[in-house]
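# Provided below are the primary sequence and the corresponding predicted coordinates.
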Amino acid sequence: MTPGGETVTSDPIPVNGFSAIRDRAVAGLISWTGPLLLVVARSVLWLTLQSLLALILFALHRPAPFRAAGNWWMIYGTLSDLCCLLGMWYFTGKEGIRLRDLIGPIRMRYGRDLFLGLGILVLSYPLLIGGGYLATAVVYGSTAKVPMEFILQRHSLPLWATVYTLTVWWIIQSATEEMTYQGYALPRLQALTGRTWMAVAIVGFWWAAQHCMVPFVADWHYLAYRFLMFLPLVLVWMPVYLRMRRLAPFILAHWPMDFTIAIMTGIS
């Protein structure tokens with residue numbers, strides 16, 4: 001109520017905003033377990049699932065079973081996504097909020113989030129290109145020495161798996177990735193550590209590292225290249241998200257990236 005008798009309304013504090021998360025952390029509703037578990041979960045799950053599939057292929061006497069198992073990462077990747085969603089559902093429930101709350105408000109009026117997502121997508125490509133040059137300089141020394149066929153890990157799968165990858169996988173993958181690292185782990189580690197830079201460093205390392213597991217190949221050049229290529233992108237995306245606190249534009253920007261990857265690696 002103002003001195004003139006007018007009623008002033010304010011926007012409700014978002015449940016996934018910093019102050020709300022900090023209050024829940026102080027109240028003991030958020031522990032270190034959830035954020036630290038989820039921030040490493042995707043990397044661990046991908047490597048575990050690839051190893052388990054490799055054991056099955058080994059038992060079937062398939063050649064190069066670990067490499068062959070890695071070709072299926074977009075298929076078993078969905079199982080990893082479902083495990084992450086289940087984990088976030090469990091931990092957000094302990095906070096007293098919904099899994100949906102991690103996404104934040106969606107503002108599609110006048111195409112606002114659509115245009116924001118397009119802007120994020122356009123600005124992301126220089127970061128990916130810059131990351132590629134950085135990775136090339138550090139790992140291989142020159143572009144002529146980069147084995148792109150090895151880096152891309154092109155492969156062929158049965159028709160049903162290819163159709164699934166092009167129609168379903170990328171939709172689940174992009175949303176789950178954004179919810180795991182930005183919607184869930186990042187703001188909670190920010191509140192728990194009390195240091196934004198520390199949260200960005202922890203999440204940025206594991207977010208970039210997950211790209212070394214799709215698929216995992218025991219070659220340090222390959223692993224270092226993929227890590228360094230994606231590191232600039234995730235380090236820029238996180239501060240932008242912390243300012244916006246809305247995931248919809250990032251998910252919209254992420255979808256065409258993963259769809260492109262599905263085309264580049266899944267069709268040979």
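Sure, I can see it.
# Show me what counts as buried in stretch 78-97.
78, 80, 81, 83, 84, 85, 87, 88, 91, 92, 95, 97 (16 or more other Cβ atoms under 10 Å). In this view, the C-beta of every residue, glycine as well, is placed from N, C-alpha and C.
# again with stretch 256-268
Within stretch 256-268, judged by 16+ other Cβ under 10 Å, the buried ones are 257, 258, 259, 261, 262, 265, 266.
# and the two most separated of the buried residues of stretch 78-97?
78 and 95 (25.7 Å; Cβ to Cβ).
# Would you point out which residue is most central in this protein?
Centroid-nearest residue in the chain: residue 177, 2.9 Å away (criterion: Cα atoms, centre = their mean).
# you'd agree it is up against residue 42?
Yes - the pair residue 177 / residue 42 is scored as a contact, 7.3 Å apart, by Cβ atoms under 8 Å.
# thinking again about what came up before, in helices only, show me the buried residues of stretch 256-268.
257, 258, 259, 261, 262, 265, 266 (DSSP state H).
# residues in contact with the fifth one?
Looking back up the chat, that one is residue 262. 74, 165, 166, 169, 170 (Cβ atoms under 8 Å, 6 or more residues apart in numbering).
# Only the buried residues of whichever strand or helix holds residue 226, if you could.
If you go by DSSP states H and E, residue 226 is part of helix 220-244. By 16+ other Cβ under 10 Å, the buried positions in helix 220-244 come out as 221-223, 225-238, 241-242, 244.
# Do I have it right that residue 157 meets residue 169?
No - at 11.2 Å, residue 157 does not count as touching residue 169 under the criterion of Cβ under 8 Å.
# Give me the common contacts of these two.
residue 75.
# Give me the more crowded residue out of those two.
residue 169 (22 against 18; other Cβ atoms under 10 Å).
# Distance check, the nearest residue to that one once chain neighbours are set aside against residue 147.
Counting by Cβ to Cβ, 6 or more residues apart in numbering, residue 169 lies nearest to residue 74, which is 4.8 Å off, once chain neighbours are set aside. From residue 74 over to residue 147 the distance is 21 Å, taken as Cβ to Cβ, to the nearest Å.
# Same check on residue 256?
Distance from residue 256 to residue 147, by Cβ to Cβ: 26 Å.
# How about the secondary structure of residue 173?
helix (DSSP: H, G, I helix; E, B strand; the rest coil).
# Just give me the neighbour total for it.
Other residues close to residue 173 by other Cβ under 10 Å number 25.
# next one: residue 21
Neighbours of residue 21 using other Cβ under 10 Å come to 22.
# you'd agree it is up against residue 30?
Yes - shown here, residue 21 and residue 30 form a contact pair, counting by Cβ under 8 Å, at 6.8 Å.
# and for the two, which residues touch both?
188, 191.
# which other residues reach stretch 84-100?
Here stretch 84-100 has contacts from 15-16, 24, 29-30, 33-34, 37-38, 41-42, 45, 101-102, 176, 179-180, 184, using Cβ under 8 Å, 6+ apart.
# in this protein, which spans are helices?
Under DSSP H, the chain gives helices at 18-26, 33-59, 65-70, 73-95, 112-135, 148-152, 159-164, 170-178, 186-193, 196-209, 220-244, 248-266.
# Can you give me the buried ones in the second one?
Yep, that's helix 33-59 we're talking about. Buried, per 16+ other Cβ under 10 Å, within helix 33-59: 34-36, 38-43, 45-47, 49-50, 53-54, 57.
# how far off helix 18-26 does that helix point, in degrees?
80 degrees (axes from the mean of the first three to the mean of the last three Cα atoms, to 10 degrees).
# Output the below-cut-off pLDDT ranges for this protein.
Regions of the chain meeting the criterion pLDDT under 70 cover residues 1-13, 144, 150, 266-268.
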